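*Asks:* Fold the following and give me the result.
(chains A and B)
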Amino acid sequence: MADTPRVIGVLTAGGDCPGLNAVIRAVTTRASSVNDAEVVGILNGWEGLMEGDTMPLDRDAVRGILTRGGTILGTSRMDPYVHGEGYKSVENTIRRNGIEALIVIGGDGTLRSALALAKEGLPVVGVPKTIDNDINGTDITFGFDTAVQIATDAIDRLASTAEAHNRVIVVEVMGRTKGWIAAYAGIAGGADSILIPERPYDLDEVAGIIRARHRHGKSYSIVVVAEGVEPPAGVEVELKKDAFGFARLGGVGYAIADHIETLTGFETRVSVLGHIQRGGSPTAFDRVLATRLGVAAADYALEGRTGVMAAVRSMEILPIPMEEACAEIRGVTPDIYDTAATFFS
Amino acid sequence: MPYDIDRLAAFLTQDRERNPSHYAMMTISEGASIEGGEMVLTGEADAYGHRKLGGIGLLTGELLKERTGAGIIYQQVGYLMRSGSPDSLDLMVATNYAVMAADLALDGSTGRMVALRGGTYTHVPISVTKEGVKRVDIDELYDADAYQPKVRHVTGKPMFLY
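*Replies:* Have a look, this model is predicted:
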């Protein structure tokens, strides 16, 4: 453990996520107002740390940002270990600003690099960030509740239009390689079928559910599909990779809709919810969670901890070794899927 | 009106540079077309001879990326626009239309359509719909050089401008 740092840096890296500003505000206020430490905001993620782009943060700088989507620090997909040489590429900025500890708010790719910097000697504390809720070591991530709410609102709307047109609507939601958003929004939206990467699916079964609904007088259906599911057999969906090596997903809903239309003969339409799931004001739950995590991260940094992330366990906030975030990607547990499947009819 | 993709790219680049948060946003109608191109249509014609519009946004995004090199986020709003519970204005107008239509039917009227003209409820011959499609009055409401809405003179216009 390091000595008590007096200057703390903070950055947000990777994709946008509702609640980022709430975390920044909590970190800044806890560190500077309550503990008299200096807070240096790093702009645009790791890029700012590599290029020396910073802004001072104090209570006034973060007033009013609790409810705002986005991040006042900006973000990027730069990485000091992909686009630089690790600690060497950030050393100048660290020294020039006198940064003694760094708080990094990011996904598992970002936290992997944060951990590597910690191993090179820079004290680092992480806050796990993703709307996908798939970071290992924490029960839940901020931004997830907001994304689920957005997806649920969309499903509610689409259900009314599906019913009016006697159609099947396939709703493709985010979630990267896991089905958290699909499962939760599917349950909340009363979906008739939910396809998640954690479970192999059979479109004949899905078609059967849709036909059965028809026979019972419900001439419309909603199928929720996680973006990360395998395309139906024989279909190629092109994947690109981002800076952290993660495949760019999206579009499998169209292939699935085509198959469903062929199997059932019912008009099938697709709504890919896309980036609206990431944006906008965080829900109350996410504001509270993000604030608790930011306060905890500031405390851990000021206590001289390093290589830990503020994580949730049974709604308590604890310092968990950052290695756990990088160990694996957390998937939907069977009990949640079984709850959803109760209603597939 | 069809748009010039290079002009659009230049506008967006300027907007982004002038914006302290370094981004620009544009909206595009599904029926928009690029100068020299056609509307992007897909699929078979339905019983009314309409084919599905859609895809111009994606195409525009790709062309902008080629021309500006900027990261593009493309969000199609699609069915989300027409679905869900009506808001209070839509509820009020729909209810009033229903009352008017019922009265006309009970009076033995035929061949009429309930309508709003200049902000006032009225009814018109159904045949009026055959006379053409209602388009945005570009001269009054749109700046064709800057690709922006331009609502400059509202005196005398009804609340919803036409």
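
*Asks:* residue ranges with poor pLDDT in the chain?
*Replies:* The chain I'm using is chain A. A:1-2, A:236-250 (pLDDT under 70).

*Asks:* hm, I was asking about chain B
*Replies:* The model of chain B has pLDDT under 70 over residues B:38-54.

*Asks:* count of neighbours near A:Asp299?
*Replies:* Burial of A:Asp299 is recorded as 19 neighbouring residues (other Cβ atoms under 10 Å in any protein chain shown). Just so you know, the C-beta spots here come from the backbone N, C-alpha and C atoms, and that holds for glycine as well.

*Asks:* ok, the closest residue to B:Pro125 other than its chain neighbours - how many residues close by?
*Replies:* Leaving out its chain neighbours, the residue that sits closest to B:Pro125 by Cβ to Cβ, 6 or more residues apart in numbering or on different chains is B:Gly111, at 5.9 Å. By other Cβ under 10 Å, the residues close to B:Gly111 number 9.

*Asks:* and what of B:Leu59?
*Replies:* By the measure other Cβ under 10 Å, the count of residues near B:Leu59 is 16.

*Asks:* Please enumerate the helices of the stretch 51-200 of chain A.
*Replies:* Using DSSP state H, counting those that start in this stretch, the helices found in the stretch 51-200 of chain A span residues A:87-97, A:108-119, A:144-165, A:180-188.

*Asks:* nearest to A:Arg269, of those helices?
*Replies:* With distances scored as Cβ to Cβ, the stretch of those nearest to A:Arg269 is helix A:144-165 (7.9 Å).

*Asks:* could you check the angle helix A:180-188 makes with the closest one?
*Replies:* 50 degrees (axes from the mean of the first three to the mean of the last three Cα atoms, to 10 degrees).

*Asks:* and the chain, what are its domains?
*Replies:* Using chain A. Residue ranges for each domain of chain A read A:7-142+A:282-327, A:146-278, as given by automatic domain parsing.

*Asks:* wrong chain, I was asking about chain B
*Replies:* B:5-83, B:85-162.

*Asks:* Report all helices and strands that the longest helix seen in chain B contacts.
*Replies:* If you go by DSSP state H, chain B has its longest helix at helix B:88-106. Where contact means 3 or more Cβ pairs under 8 Å, 6 or more residues apart in numbering or on different chains; DSSP states H and E, helix B:88-106 is packed against strand B:112-117, strand B:120-125.

*Asks:* Including mean neighbour count and distance to A:Ile317, could these go into CSV?
*Replies:* Output for the helices and strands packed on helix B:88-106, formatted as CSV (neighbours: other Cβ atoms under 10 Å in any protein chain shown; distance: least, Cβ to Cβ, whole Å):
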stretch, mean neighbour count, distance to A:Ile317
strand B:112-117, 15, 56
strand B:120-125, 12, 58
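
*Asks:* Flag every residue of chain B that's near chain A.
*Replies:* B:21-22, B:73-76, B:78-80, B:82-85 (Cβ under 8 Å from any Cβ of the partner chain).

*Asks:* so which pair among those residues is furthest apart in space?
*Replies:* Longest span within those, Cβ to Cβ: B:His22 and B:Ser85, 36.7 Å.

*Asks:* The residue nearest the centre of chain B - nearest residue in space that isn't next to it in sequence?
*Replies:* By Cα atoms, centre = their mean, chain B has its centre lying nearest to B:Ser29, at 5.9 Å. Counting by Cβ to Cβ, 6+ apart, B:Ser29 lies nearest to B:Ile56, which is 7.9 Å off, once chain neighbours are set aside.

*Asks:* Span of stretch A:29-48 from start to end?
*Replies:* Stretch A:29-48 has an end-to-end distance of 21 Å (Cα to Cα, to the nearest Å).

*Asks:* So which bits of it are buried?
*Replies:* By neighbour count with 16 or more other Cβ atoms under 10 Å in any protein chain shown, stretch A:29-48 contains the buried residues A:29-32, A:35, A:37-48.

*Asks:* What about those residues, which are in helices?
*Replies:* Short answer: the buried residues of stretch A:29-48 in helices (DSSP H) are A:Trp46, A:Glu47, A:Gly48.

*Asks:* Now that the second one has come up, it's in contact with A:Asp79, right?
*Replies:* No. Using Cβ atoms under 8 Å, A:Glu47 is not in contact with A:Asp79; the gap is 9.3 Å.

*Asks:* Counting neighbours, what do you get for B:His153?
*Replies:* Around B:His153 there are 8 other residues, counting by other Cβ under 10 Å.

*Asks:* can you tell me how far it sits from chain A?
*Replies:* Using Cβ to the nearest Cβ, to the nearest Å, one gets 35 Å for the distance from B:His153 to chain A.

*Asks:* and the closest residue in space to that residue that isn't next to it in sequence, backbone torsions?
*Replies:* Nearest residue to B:His153, sequence neighbours excluded (Cβ to Cβ, 6+ apart): B:Glu140, at 7.9 Å. Main-chain dihedrals, B:Glu140, degrees, to the nearest 10: phi -80, psi -30.

*Asks:* how close does B:Glu140 sit to B:Tyr3?
*Replies:* As judged by Cβ to Cβ, to the nearest Å, B:Glu140 and B:Tyr3 stand 19 Å apart.

*Asks:* Going by how many neighbours each has, rank the two and give me the top one.
*Replies:* Between B:Glu140 and B:Tyr3, B:Tyr3 has the larger neighbour count (other Cβ under 10 Å), namely 17 against 14.

*Asks:* quick one, what contacts the more buried one?
*Replies:* Residues counted as contacts of B:Tyr3 (Cβ atoms under 8 Å, 6 or more residues apart in numbering or on different chains) are B:Ala32, B:Ser33, B:Ile34, B:Glu35, B:Tyr147.

*Asks:* Next up, the contacts around the residue most central in space within chain A.
*Replies:* Centre of chain A computed as the mean C-alpha position; nearest residue by Cα atoms, centre = their mean is A:Thr130, 1.7 Å away. With contact taken as Cβ under 8 Å, 6+ apart, A:Thr130 is in contact with A:Gly14, A:Gly15, A:Cys17, A:Gly107, A:Asp108, A:Thr141, A:Gly143, A:Phe144, A:Arg176.

*Asks:* same thing but at 6 Å, please
*Replies:* A:Gly107, A:Thr141 (Cβ atoms under 6 Å, 6 or more residues apart in numbering or on different chains).
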